[in-house]
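# quick one, structure for this:
(one chain, ligands or ions: 1)
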Amino acid sequence: MSKMWAGRTDGVTEKLADDFNSSIHFDSRMYKQDITGSMTHAQMLAKQGIISQEDADALVDGLAGILADLQSGMLAIDMSCEDIHMFVEAELTKRLGDVGKRLHTARSRNDQVALDIRMYLREQIDLICGYVQELLAAITEKAETYKDAIMPGYTHLQRAQPITFGHHLMAYAMMLLRDLDRLGDCRKRMNFSPIGSCALAGTTYPIDREYEAEHLGFDGVCRNSLDGVSDRDFCAELLSDLSILMMHLSRFSEEVILWCSWEFRFVSLSDAYTTGSSIMPQKKNADMAELVRGKTGRVYGDLMGLLTTLKGLPLAYNKDMQEDKESIFDAVDTVKMCLQVFTGMLKTMTANRDAMKRAAQKGFINATDLADYLVKKGLPFRSAYKISGQLVGLCIEKNTVLDDLPLETYKEYSELFEEDLYQEIALETCVNKRTSQGGTSVASVEDQIAYVKTLL
Ligand code: ARG
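Residues are numbered from 1 along each chain as shown. Predicted coordinates for the structure are as follows:
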């Protein structure tokens, strides 16, 4: 079949070359953006006297008809076309005859595709932010439920100090708030219109770029036509933001997987979000969390793939840039899925307060508080730290815990110990005295929840 761009060449290409060259099987998802952009382009051309108003009206009607027919299923995208831009133009010309051929005046596929991706991705960012907000709502709700559920807090995966499950969950809320912020920033920088950059050098036609930008919801125009057609920073930036978001989900997933294990048993997942084993009858696997963790690698791969594609590309447009779409679309699809599945999993997850409390009771996680007790009675922290450490050593030797050592034993180490030490090192006290801003006390966690809620 001869191509729309036949002229210099006869436009007849090898089938293998066609398949290799074509992008329609992945860029067809931008049909709505392509058509909307073209409608505005036609209107601009008429407003500037570059085509007649009559032709512009016919083009806009024709494009609206194609959009409606695609949406209703009346019209199927012809996958033998090179890309979505060629398909829409060919279909328009089929419907309107010569008038259809006027649409591509003062435009190139180079600025057209750059426009379409920006329009498509800003919509995707809004969808992703919506899913992040739903996850945030689920996290704050869980945190509210478990704001007083005591668990061990870890450093180096060693029991460190008692915290609440609500506090632990809210740490993820803070990460997701930053993700929202980053995505918002990315959208802001993305929202400039490249249309009118044309092939690379601008155009001799008296176009109005500001008009097109404004009508398509952009905050301004790309200021250099070479940059307009060759910039894919916004794809790399979005992929970076999505990679960081996935890193957060992956860390969260890893914890869920650990917590579900028989060794921890801190949480149980709903049957609806777990799978069994085909051979081991006792198994209930956290496959959803594992897959989210696994798909993180895939999104990182999308980022590295795109950066590598862009590295060393001379200005302006090069066909290499067609490779931007599969990675960015894959990342966007993957992140949307992961967010929805993770939210469903989290909403239906229940925590085992007893198992958490039991784990917190056994790791000497009140040793800091024991040292602080002595400090409050006047001992320098380093000396108090040493005594507390010696008492932990003693407990390990005698196979007991700080809470069960008799007062006489304490007195052998320091005369400052009194009966009130037991109250001071009780887990509830350890948690609820940590009222510092951002701390683990119920009151501090409530503040964190309230803060996130005001932002949602
Ligand atoms: N399908 C192409 C892409 O995705 C559209 C731009 C093609 N421009 C060109 N001069 N070959 O990048």
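# what's near enough to touch residue 335?
When contacts are counted by CB atoms under 8 Å, 6 or more residues apart in numbering, residue 335 touches 128, 242, 245, 246, 299. Every residue, glycine included, has its C-beta placed from N, CA and C.
# quick one, phi/psi of residue 8?
For residue 8, the backbone dihedrals are phi -60, psi -40 (criterion: degrees, to the nearest 10).
# how far does stretch 10-27 sit from the chain's center?
Relative to the chain's own centre, stretch 10-27 is displaced by 33 Å; criterion: CA atoms, centre = their mean, to the nearest Å.
# number the chain from 866, please
Taking 866 as the first residue, the last one we looked at is stretch 875-892.
# which residues are in contact with it?
866-871, 942, 944-949, 951-952, 978, 981, 1184, 1187, 1190-1191, 1194.
# which of these fall in strands?
Within those, no residue falls in strands by DSSP state E.
# just the buried subset of these, please.
868, 942, 946-949, 951-952, 978, 981, 1187, 1190-1191, 1194 (16 or more other CB atoms under 10 Å).
# also near the ligand: which of these, exactly?
With CB under 6 Å from any ligand atom as the criterion, the subset of those in contact with the ligand comprises 948, 978, 1187.
# for the closest residue to residue 1238 other than its chain neighbours, report the pLDDT, please.
Among residues not flanking residue 1238 along the chain, residue 1289 sits closest, at 4.7 Å (CB to CB, 6 or more residues apart in numbering). In this prediction, residue 1289 carries a pLDDT score of 95.
# how far away is residue 1289 from residue 1223?
21 Å (CB to CB, to the nearest Å).
# what do you get for residue 1260?
Counting by CB to CB, the gap from residue 1260 to residue 1223 is 17 Å.
# looking at those two, which is more packed in?
Shown here are residue 1260 and residue 1223; by other CB atoms under 10 Å, residue 1260 has more neighbours (18 against 14).
# pLDDT score assigned to the more buried one?
Value for residue 1260, per-residue pLDDT: 96.
# residue 866 now?
Residue 866 is given a pLDDT of 60.
# next one: residue 1149
At residue 1149, the model reports a pLDDT of 85.
# what of the one 5 residues further on?
pLDDT, the model's per-residue confidence, is 98 for residue 1154.
# pretty sure it is touching residue 1210, no?
Yes - under the criterion of CB atoms under 8 Å, residue 1154 makes contact with residue 1210 at 6.7 Å.
# hey, what's in contact with both of the two?
1121, 1134.
# ok, these two, which is more surrounded?
Neighbours per residue (other CB under 10 Å) separate residue 1154 from residue 1210, with residue 1154 holding more: 28 against 23.
# what strand or helix carries the more buried one?
Assessed by DSSP states H and E, residue 1154 sits inside helix 1152-1175.
# ditto for residue 1016
strand 1015-1020.
# thinking again about what came up before, give me the subset of the ones next to the ligand among the buried ones among the contacts of stretch 875-892 lying in helices.
Among these, the members found in helices (DSSP state H) are residue 978.
# from the ones next to the ligand among the buried ones among the contacts of stretch 875-892, which is closest to residue 1228?
residue 1187 (55.3 Å; CB to CB).
# leaving out chain neighbours, which residue sits closest to that closest one?
Using CB to CB, 6+ apart and skipping residues adjacent in sequence, the residue nearest residue 1187 is residue 888, 5.1 Å away.
# give me the phi and psi for that neighbour.
Torsion angles, degrees, to the nearest 10, at residue 888: phi -120, psi 10.
# output the set of residues of the stretch 966-1115 of the chain in proximity to the ligand.
Residues of the stretch 966-1115 of the chain lying near the ligand (CB under 6 Å from any ligand atom): 974, 975, 978.
# next, format the contacts of residue 1200 as JSON lines and append secondary structure and pLDDT.
Shown next, in JSON lines, are the contacts of residue 1200 (DSSP: H, G, I helix; E, B strand; the rest coil; pLDDT from 0 to 100):
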{"residue": "993", "secondary structure": "helix", "pLDDT": "98"}
{"residue": "1107", "secondary structure": "helix", "pLDDT": "98"}
{"residue": "1110", "secondary structure": "helix", "pLDDT": "98"}
{"residue": "1111", "secondary structure": "helix", "pLDDT": "98"}
{"residue": "1164", "secondary structure": "helix", "pLDDT": "98"}
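# for the residues you listed, pick the one with the most neighbours.
Counting neighbours by other CB under 10 Å, residue 1107 leads those with 29 neighbours.
# wait, that residue sits on residue 1194?
No - when contacts are counted by CB under 8 Å, residue 1107 is not listed as touching residue 1194 (11.6 Å).
# show me what counts as buried in the helix holding residue 1154.
1152-1154, 1157-1158, 1160-1161, 1164-1168, 1170-1171, 1174-1175.
# return the member of the residues you listed nearest to the ligand.
The closest of these to the ligand turns out to be residue 1174 (CB to the nearest ligand atom; 11.4 Å).
# for the closest residue in space to that closest one that isn't next to it in sequence, which residues are in contact?
Once flanking residues are discounted, residue 1174 sits nearest to residue 1188: 4.9 Å by CB to CB, 6+ apart. Residues near residue 1188 by CB under 8 Å, 6+ apart: 1170, 1171, 1174.
# swap in residue 947?
868, 883, 886, 887, 888, 889.
# show me where this structure has strands.
Here the chain has its strands, by DSSP E, at 1015-1020, 1023-1029, 1132-1133, 1215-1216.
# and the first one, what does it pack against?
When you say that, I think you mean strand 1015-1020. Applying 3 or more CB pairs under 8 Å, 6 or more residues apart in numbering; DSSP states H and E, we find strand 1015-1020 packed against strand 1023-1029, helix 1030-1055, helix 1218-1226, helix 1292-1297.
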